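Peer 1: Give me coordinates for this.
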Amino acid sequence: MNLRPIFRLGCLSVLTLCLAGSAQIASSNQPAAQGPVSYSSVNQLNGLLSQLEQASQAAQVDLARLRVEKWKIDSGSKRQTQDNVESVQRNLQSALPEMIAQLKASPESLTSTFKLYRNLDALYNVFGSVTESTGAFGSKDEFQSMENDLSGFEKARHAFAERMENLAGAKENEVTRLRAALQSAQASVAAQPPKKIVVDDEAPQKKPANKKKPANKPNPIQSQPPGITPQPK
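Peer 2: Purely as a prediction, here's the structure:
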């Protein structure tokens, strides 16, 4: 009996937990809004996602056809293989489609791209363990189908790793351009002479307006004609 697949089943159990946790990460984190994206970038991403979705659909069909319960293997290894199969199925049906939807909404998001790549990496390792066990204990047709699915996931993993590297390089170049533009703007402002404000202290001051003196009221005694004494009332 080939013990290598059985040994890998125990070693890769931690990767199964990674696949289960990916569903929670996908639902809790939302990509940030970003600016306009070039047509070529969106077209490339759509092609990669289309291939990944086809590989996922084919893998789900082949996993459903596996008859692990009929394999001539000890009960512990059989149970571990069934757990891995169920973990991969949950990921393909729930976590992976949500990550794909997030990446479609933000095609050049490094966060969403890395999240999908990390999930593919864990998915590839657990699926590879199931495929190797199928080759040792399953039928020839089952193994051939699983091997084709594994090849599809491997191509998708490499493609997204390359895209992530290209996006990181483009973001770095953009930051470099923005930093250079900011430094140029700061240097231009510093080179301009400061504006002077001139205060004219010799400007003529306005003279206060002269107030008119009130006119004197005539004395009634003096206003009588001479020689006439006013009669008392």
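Peer 1: quick one: the helices in this structure?
Peer 2: 4-11, 13-28, 39-65, 75-90, 96-105, 110-137, 140-191 (DSSP state H).
Peer 1: So which of those helices is the most surrounded?
Peer 2: The highest average neighbour count among the helices of the chain, using mean count of other CB atoms under 10 Å, belongs to helix 110-137 at a mean of 22. The C-beta positions use only the backbone N, C-alpha and C, and glycine is treated the same way.
Peer 1: list the helices and strands it packs on?
Peer 2: helix 4-11, helix 13-28, helix 39-65, helix 75-90, helix 96-105, helix 140-191 (3 or more CB pairs under 8 Å, 6 or more residues apart in numbering; DSSP states H and E).
Peer 1: need the helices of the chain in JSON lines with mean pLDDT, can you?
Peer 2: Below are the helices of the chain laid out as JSON lines (pLDDT from 0 to 100):
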{"stretch": "helix 4-11", "mean pLDDT": "46"}
{"stretch": "helix 13-28", "mean pLDDT": "46"}
{"stretch": "helix 39-65", "mean pLDDT": "95"}
{"stretch": "helix 75-90", "mean pLDDT": "95"}
{"stretch": "helix 96-105", "mean pLDDT": "96"}
{"stretch": "helix 110-137", "mean pLDDT": "96"}
{"stretch": "helix 140-191", "mean pLDDT": "89"}
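Peer 1: Of all the helices and strands packed on helix 110-137, which one is nearest residue 120?
Peer 2: helix 140-191 (4.5 Å; CB to CB).
Peer 1: follow-up on the earlier one: want to throw the helices and strands packed on helix 110-137 into TSV with distance to residue 133?
Peer 2: TSV is the format used below for those (distance: least, CB to CB, whole Å):
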stretch	distance to residue 133
helix 4-11	4
helix 13-28	13
helix 39-65	12
helix 75-90	5
helix 96-105	22
helix 140-191	9
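Peer 1: Out of the ones you listed, the one nearest residue 114 is which?
Peer 2: The nearest among the helices and strands packed on helix 110-137, by CB to CB, is helix 140-191 at 6.0 Å.
Peer 1: Determine the set of other helices and strands touching that closest one.
Peer 2: So helix 140-191, by 3+ CB pairs under 8 Å, 6+ apart, packs with helix 39-65, helix 110-137.
Peer 1: These: which one's closest to residue 77?
Peer 2: helix 110-137 (7.7 Å).
Peer 1: can you give me the angle that closest one makes with helix 39-65?
Peer 2: 30 degrees (axes from the mean of the first three to the mean of the last three CA atoms, to 10 degrees).
Peer 1: angle of helix 110-137 against helix 96-105?
Peer 2: 150 degrees.
Peer 1: Numbering from 518 from now on, please.
Peer 2: Shifting the count to begin at 518 puts that one at helix 627-654.
Peer 1: can you give me the angle helix 627-654 makes with helix 657-708?
Peer 2: 160 degrees.
Peer 1: Specify the angle between helix 627-654 and helix 592-607 in degrees.
Peer 2: 140 degrees.
Peer 1: pLDDT score for residue 591?
Peer 2: Per-residue pLDDT puts residue 591 at 93.
Peer 1: Tell me, how many residues neighbour it?
Peer 2: 11 (other CB atoms under 10 Å).
Peer 1: And it, its phi and psi?
Peer 2: When read as degrees, to the nearest 10, the backbone of residue 591 gives phi -70, psi 160.
Peer 1: if I pick the nearest residue to residue 681 once chain neighbours are set aside, what's in contact with it?
Peer 2: Closest residue to residue 681 in three dimensions, ignoring its sequence neighbours and counting by CB to CB, 6 or more residues apart in numbering: residue 630, at 4.9 Å. Shown in contact with residue 630 (CB atoms under 8 Å, 6 or more residues apart in numbering): 620, 677, 680, 681, 684.
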